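S.K.: Sequence and predicted structure are below.
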Amino acid sequence: MSCVHIGVSDGGVSLRDMEPVTVHRTAVSILYGHFVLRDAWCDAGDDGESYRDSQDQVAGASTYQVTVRAPSDPLRVGLELRIWSGEPDLDRGSWDGRRQLQVHCPTGELLVEQITAGAAAEITLPQGAGVYGVRVHRHGRDDAQMFLIDLWWQTPLPPDDDDEDFYGDLWS
């Protein structure tokens, strides 16, 4: 996986001129037709919800997880994940599908998880814990699939969704 940090000035920059704060690029193994973007600790609460929501879509979401569908089962696909300081404009690339969702991230850390094969990437979000907007783009078929995921911080977590009690219980 490669990671590029891009310096962004907030002096007079409009959202149209905005650059991503960080860009991650990696290859992801597709097993069972999908991969997952999820909070590093909150993997038990999905119960298949994001997978069902992704039916006939580019992606689907539950509170803590986004399931990204591949229209076929290639061995590996390309993934570019961009983290923004605010909601970016729509990417005008040649995409076959796009869907905008939301995910809660209590830990401030996300995993790009390959089903039964572990994490393809572990990403620390510069803005930390919060509710994030997620826009998933897909292009191509068979062995030439590419995915673009844009993430941006939207709001703090709801009071009953922070991770402070979890860490307190873990280390006490």
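M.R.: Cool, got the structure.

S.K.: Quick check: residue 27 is in a strand.
M.R.: Yes - according to DSSP: H, G, I helix; E, B strand; the rest coil, residue 27 belongs to a strand.

S.K.: Verify the stated contact: it with residue 75.
M.R.: No - here residue 27 lies out of contact with residue 75, judged by C-beta atoms under 8 Å, at a distance of 9.2 Å. For every residue, glycine as well, the C-beta is placed using N, CA and C.

S.K.: If you count surrounding residues, which of the two has more?
M.R.: residue 27 (13 against 9; other C-beta atoms under 10 Å).

S.K.: Mind listing the residues bridging to the more buried one?
M.R.: Each beta-bridge partner of residue 27 is listed here, defined by DSSP bridges: residue 78.

S.K.: Please work out how many residues are found near residue 155.
M.R.: Residue 155: 11 surrounding residues under other C-beta under 10 Å.

S.K.: Show me the shaky parts of this structure.
M.R.: Counting by pLDDT under 70, the chain has low-confidence residues at 1-17, 43-45, 143, 162-172.

S.K.: May I see the buried residues of stretch 73-84?
M.R.: By 16 or more other C-beta atoms under 10 Å, the buried positions in stretch 73-84 come out as 74, 77, 79-84.

S.K.: Narrow these to those in strands?
M.R.: Secondary structure assignment by DSSP state E places 77, 79-84 of those in strands.

S.K.: Now the nearest residue to residue 83 once chain neighbours are set aside. Its backbone dihedrals?
M.R.: Closest residue to residue 83 in three dimensions, ignoring its sequence neighbours and counting by C-beta to C-beta, 6 or more residues apart in numbering: residue 22, at 4.5 Å. Torsion angles at residue 22 (phi, psi; degrees, to the nearest 10) stand at phi -140, psi 150.

S.K.: Buried residues in stretch 116-126, which are they?
M.R.: For stretch 116-126, a neighbour-count test (16+ other C-beta under 10 Å) marks 119-121, 123, 125 as buried.

S.K.: Export the ones in strands among the buried residues of stretch 73-84 as JSON lines, with columns for distance to residue 69.
M.R.: Listed next are those as JSON lines, based on distance: C-beta to C-beta, whole Å:
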{"residue": "77", "distance to residue 69": "11"}
{"residue": "79", "distance to residue 69": "13"}
{"residue": "80", "distance to residue 69": "17"}
{"residue": "81", "distance to residue 69": "16"}
{"residue": "82", "distance to residue 69": "20"}
{"residue": "83", "distance to residue 69": "22"}
{"residue": "84", "distance to residue 69": "23"}
